[in-house]
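Chemist: dropping the sequence and predicted coords here.
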Amino acid sequence: MDADHQNCCLRQLRALFPHFGRALIAFSMANGVYHTKYGITINLTFEDLGHPDHPGLLEEITRPVGERDRDLLQCLTDYQGGDCQCALADKTPWMFVRRQRRAGRVVWVAAHLPLTHAATPEQSDKHKATKERVARSAFRHGLDVQVEARSSDGRIVTDVLVSGVGGRVGWEAQYSPISARRVRRRSGRARENGIAPLWVTGDASSEIIDRAPWTRVDDVPWQRIVSPLTMIVRGGVRHLQIWKCTASSERSCPETGSHCGKFHSGWFLPALCFPQERATALDELVVTSADGEHVAVRVRNTQDPRRASYLWALAKDVQRWRDLTDHGEGEPEDLPTDDEPVTYTEEELDSSCRYGNQDRQYFSGPRPRRDMMSATGLHTFDTAPTAPRSTKPACRLTYLEHASGAAVPAVAGRFAVRRSRRVRTSAQPNAPRTHSFVSASMMTCTFAENR
């Protein structure tokens, strides 16, 4: 097959399988790498990497590049003095090791480090737009806001730090790929500094999901993110549901598939609740998470103790759930990681580097969806759960009171807003008693109104 025919086939594959587009690898990954510090050749297809006398070697070579010497791992072809084409494609002879899915299995592969690490222009624009929206919403509702907030020890820089009566929430906008290990490390450092991490993404397969408190919105252009239109939270916010499992129940039994006569509880997405709950908007979560109305909770999987789910829920639901299950969440480190196990094929070491060789193109398997629609944290009770404890409500402003009663400062520029006449406060005689959300779409941009 000549090069033109092959390129034509690749274009047809991209058209037929668009979801494989970003998974196309334009070069063959190496199954080996040279360790410049120890002077050894590493075979990534063996569990001991071919060196049983070096315990902890895998942890060392898979550390983030920023935490080790950049020239620790070297391309085998370059080390042996061969012709490596990486330098001609803005790459370096230095390598990093990462996971990759091949034929349904996860394996270790070595890839060349770029000269610089940078997000794509589109990812950078979405990142900046999300930070601007979060900061704008918090500022509008009278919360303390810091953008690019650096901790006192200088170890972390938070995209947007929002402080309220419920504590400090560190918003992290993540539209570019990130490793699960880095998510856990950054979230742990945030907790050490008294900050509740809250990651936001538009990717249902992002590694941030269930690795730390998270939320997912629609993957839309940056212009839509900074607009005053409402952005609905699609994942990461759930509601507690408790029901008796009978033949007339709206849900089938999570244990038998029919009905068992017992009581069940679980966390569900708003659209899957009975009756259906109102969806949470991103601007609302900015305020309620800082005020303590929404809190982060980690739910253990009763079927698989290796797995756990992070979610945001109403504080009253979380308290009710804790009373029912009668167990704490524990520290995040208490549970093993839920990364898929690596398969070791024990292949012969291939020292050739085919970077830029179009004859060895292949498709990597797509990343699995991590944001699941099914319920999580299911529990079964033989008897009816006891009624919730009556507690005196905390004296704090609701989101509605924030939106309508707080003074809205005049902000120069295209994002200046004023309160719409459609906003109704609890002080008005005909105001509804239920909690209602004033979305950003109810706010009118002054630049559009005054023209």
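Modeler: Good, I have the coordinates. Numbers count the residues shown, from 1 in each chain.
Chemist: any idea of the mean pLDDT in stretch 259-274?
Modeler: For stretch 259-274, the mean pLDDT works out to 91.
Chemist: what about the longest helix in this protein?
Modeler: Ordering each helix of the chain by length in residues (DSSP state H) puts helix 121-140 first.
Chemist: which positions in that one come out as buried?
Modeler: 123, 125-140 (16 or more other C-beta atoms under 10 Å). Where you see a C-beta, it was placed from the backbone N, CA and C, and this is true even at glycine.
Chemist: kindly export it (C-alpha atoms) in PDB.
Modeler: The C-alpha coordinates for helix 121-140 follow below in PDB (Å, rounded to 0.1, in the frame of the first residue of the first chain):
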ATOM      1  CA  PRO A 121      -5.900  27.700  22.100                       C
ATOM      2  CA  GLU A 122      -9.500  26.400  22.300                       C
ATOM      3  CA  GLN A 123      -8.900  24.700  25.700                       C
ATOM      4  CA  SER A 124      -7.100  27.800  27.000                       C
ATOM      5  CA  ASP A 125     -10.000  30.000  26.000                       C
ATOM      6  CA  LYS A 126     -12.600  27.700  27.700                       C
ATOM      7  CA  HIS A 127     -10.400  27.600  30.800                       C
ATOM      8  CA  LYS A 128     -10.200  31.400  31.000                       C
ATOM      9  CA  ALA A 129     -13.900  31.800  30.200                       C
ATOM     10  CA  THR A 130     -14.900  29.400  33.000                       C
ATOM     11  CA  LYS A 131     -12.700  31.200  35.500                       C
ATOM     12  CA  GLU A 132     -14.200  34.500  34.500                       C
ATOM     13  CA  ARG A 133     -17.700  33.200  34.900                       C
ATOM     14  CA  VAL A 134     -17.200  31.600  38.300                       C
ATOM     15  CA  ALA A 135     -15.500  34.800  39.600                       C
ATOM     16  CA  ARG A 136     -18.200  37.000  38.100                       C
ATOM     17  CA  SER A 137     -21.000  35.000  39.700                       C
ATOM     18  CA  ALA A 138     -19.300  34.900  43.100                       C
ATOM     19  CA  PHE A 139     -18.600  38.700  43.000                       C
ATOM     20  CA  ARG A 140     -22.100  39.500  41.900                       C
END
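Chemist: and it, what does it pack against?
Modeler: strand 144-150, strand 157-164, strand 167-173, helix 222-226, helix 282-291 (3 or more C-beta pairs under 8 Å, 6 or more residues apart in numbering; DSSP states H and E).
Chemist: how much space separates F274 from V237?
Modeler: Plainly put, F274 is 17 Å away from V237 if you go by C-beta to C-beta, to the nearest Å.
Chemist: neighbour count: those two, which is higher?
Modeler: V237 (27 against 11; other C-beta atoms under 10 Å).
Chemist: for the helix or strand hosting Y34, the averaged confidence score.
Modeler: Per DSSP states H and E, Y34 falls inside strand 32-35. Average pLDDT, strand 32-35: 92.
Chemist: again with stretch 171-181
Modeler: 86.
Chemist: pull up the distance across it, start to finish.
Modeler: 18 Å (C-alpha to C-alpha, to the nearest Å).
Chemist: list the buried ones in that stretch?
Modeler: Applying 16+ other C-beta under 10 Å to stretch 171-181 flags 171-176, 178, 180 as buried.
Chemist: kindly report the same for stretch 155-169.
Modeler: Buried residues in stretch 155-169 (16+ other C-beta under 10 Å): 156, 158-164, 166, 168-169.
Chemist: just the residues you listed now: which is nearest G56?
Modeler: Each of the buried residues of stretch 155-169 was checked against G56 using C-beta to C-beta; the closest is I156, at 26.1 Å.
Chemist: wait, that closest one touches R191, no?
Modeler: No: the criterion here is C-beta atoms under 8 Å, and I156 misses it with R191 at 10.3 Å.
Chemist: break down the chain into its helices, ranges please.
Modeler: 3-16, 57-61, 76-79, 121-140, 180-192, 222-226, 282-291, 315-325, 399-405, 446-449.
Chemist: of all these, which one comes closest to V200?
Modeler: Comparison of the helices of the chain against V200 by C-beta to C-beta identifies helix 121-140 as nearest, at 6.2 Å.
Chemist: what's the angle from that closest one to strand 167-173?
Modeler: Relative orientation of helix 121-140 versus strand 167-173 (axes from the mean of the first three to the mean of the last three C-alpha atoms, to 10 degrees): 160 degrees.
Chemist: in CSV: the buried residues of stretch 155-169, plus distance to T45.
Modeler: Listed next are those as CSV, based on distance: C-beta to C-beta, whole Å:
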residue, distance to T45
I156, 36
T158, 40
D159, 39
V160, 43
L161, 44
V162, 46
S163, 49
G164, 51
G166, 49
R168, 45
V169, 43
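Chemist: thinking again about what came up before, distance to S309 added to the buried residues of stretch 171-181, as a markdown table?
Modeler: Output for these, formatted as a markdown table (distance: C-beta to C-beta, whole Å):
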| residue | distance to S309 |
| --- | --- |
| W171 | 20 |
| E172 | 18 |
| A173 | 21 |
| Q174 | 18 |
| Y175 | 22 |
| S176 | 24 |
| I178 | 19 |
| A180 | 14 |
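Chemist: farthest pair within these?
Modeler: Checking these with C-beta to C-beta, the most distant pair is W171 and A180, at 19.3 Å.
Chemist: tell me what the nearest residue to T158 once chain neighbours are set aside is bridged to.
Modeler: Once flanking residues are discounted, T158 sits nearest to G170: 4.1 Å by C-beta to C-beta, 6 or more residues apart in numbering. Going by DSSP bridges, G170 is paired in beta bridges with L161, P197.
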